[in-house]
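J.: Pasting the sequence and the predicted coordinates here, then a few questions.
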Amino acid sequence: MVFGFKKRKAFPNGEGRFFDILSRQSSKTVEGLEALWNFAENGTKENANLVRNVEREADELRRILIEELDQTFVTPLDREDIYALSRAIDDVVDYANTTVDEMEIYEVKGDEHIKDMINILRKAARELNDAVKILRDYPKIASEHAVKAKSYENQMEKAYHLALADLFKGTDTVYMLKMREIYRHLSNAADRGDEAANIISSIVMKHT
């Protein structure tokens, strides 16, 4: 008979609802960025409202998580890490929502730079979602996904500066100011995704 050794779990059993809510939040981020992509492709009111609906659902999940933190004495992770990761994930969806708001207010369409930047965000969000979903059971693999997510922030930085360089070649100052604001929102979303990846990596280092 062959006896195996049971693998030690990085995180204690119980309180799995925190991982579940974080996972649902990260899934909403993916959903929100897919909706933002559709809006950039076809800026209909229906597509705009889809982004807003996802953002509201994501906010509700964050409120639930905060309530759970308030009601729970012992948490599987440092409560500061849970709160910070939840906030960073939620911020990405918030920026998606404000991007839609400003594109509508400024009456601008999704150009190729906007689409390129959103596509980078989509890829980063998928990596973050993969990381959060397996964080409890496979933290080291989760960390690998977090590293991949971080790499997209570098891509975003390049895309952002390229977008600005092309924008400033124009002569319509008002249009330039409008688009610069949109580009900035998308760049900020990538920064928050990068922060979420850093928090995941820090969590893994603490518990493995």
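T.: Noted; the coordinates are in hand. Numbering: from 1, shown residues only.

J.: what pLDDT, on average, does the helix or strand hosting residue 123 get?
T.: Using DSSP states H and E, residue 123 sits within helix 112-133. When pLDDT is averaged over helix 112-133, the result is 97.

J.: List the buried residues in the strand or helix carrying residue 160.
T.: Following DSSP H and E, one finds residue 160 within helix 139-167. Buried residues in helix 139-167, counted by 16 or more other C-beta atoms under 10 Å: 139, 142-146, 148-150, 152-153, 155-156, 159-160, 163-164, 167. (Each C-beta comes from the backbone N, C-alpha and C, glycine too.)

J.: what angle sits between the helix ranked longest in the chain and helix 112-133?
T.: Once the chain is assigned using DSSP state H, the helix that runs over the most residues is helix 173-207. Orientation check (axes from the mean of the first three to the mean of the last three C-alpha atoms, to 10 degrees): helix 173-207 against helix 112-133 gives 20 degrees.

J.: which of the residues in helix 173-207 are buried?
T.: Within helix 173-207, the residues that count as buried by 16+ other C-beta under 10 Å are 178-179, 181-204, 207.

J.: remind me which residues of this structure are low pLDDT?
T.: 1-15 (pLDDT under 70).

J.: same thing but at 90, please
T.: Applying pLDDT under 90 to the chain flags the ranges 1-17, 71-77, 170, 206-208.

J.: Just the element for residue 94, please.
T.: In the assignment (DSSP H and E), residue 94 maps to helix 79-106.

J.: Give me the buried positions along that helix.
T.: Buried-residue list, helix 79-106, by 16+ other C-beta under 10 Å: 81-100, 102-103.

J.: Show the contacting residues for residue 192.
T.: Contacts for residue 192 (C-beta atoms under 8 Å, 6 or more residues apart in numbering) come out as 88, 89, 91, 92, 95.
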